[in-house]
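# curious how this folds, go ahead:
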Amino acid sequence: MGPGAEPVLVDVDAVTLAVPDLDAGLRVYRDALGHRLLWRNDATGQAALGTARGTAEIVLTTRQSSAPNWLVRSADAAAEAFVGAGGRVLVGPTDIPVGRLAVVADPFDNVLVLVDLTKGTYTVDAAGDVTGVEP
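From the prediction side, this is the model:
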């Protein structure tokens, strides 16, 4: 890739924040700080909240560490691009309910979560609980 090539990182998808449990995280980020619940998926140990501006989510997680999540066209291709640039793959690429995910480290040891939404986005009920995935 060089000048004029399409960038690998499309947009910030989310920032994950490790919490001891989702209810405790929601008490802080939703109830005390005022962020709106977008979705909650107890099966994956995650809940997403909206930010005041923009489309990036705050994803509370009980199973991952805190990291930026980058939207990419293909998690597999993006992981390969990072390896080609001198980085390394830490996790995946692997399937997730909404697409594919890979965790990489760049040559400077910055950890990035790469997410594609090739299967769709979550659908939720009135309480914000995930009910499925819609293309």
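
# per-residue pLDDT, Gly2?
For Gly2, the model assigns a pLDDT of 60.

# contacting residues around the closest residue in space to Ser74 that isn't next to it in sequence?
Among residues not flanking Ser74 along the chain, Asp116 sits closest, at 5.5 Å (C-beta to C-beta, 6 or more residues apart in numbering). No exception for glycine: its C-beta is placed from N, CA and C like everyone else's. Neighbouring residues of Asp116 by C-beta atoms under 8 Å, 6 or more residues apart in numbering: Leu71, Val72, Arg73, Ser74, Ala75, Ala78, Gly99, Arg100, Leu101.

# where's the most centrally placed residue in the chain relative to Pro97, distance?
The centre of the chain sits closest to Asn69, judged by C-alpha atoms, centre = their mean, with a distance of 4.2 Å. Noted for Asn69: a distance of 14 Å to Pro97, by C-beta to C-beta, to the nearest Å.

# need the longest helix for this protein.
Counting residues, the longest helix found in the chain (DSSP state H) is helix 75-84.

# if anything else comes up later, I'll come back, but that's it for now.
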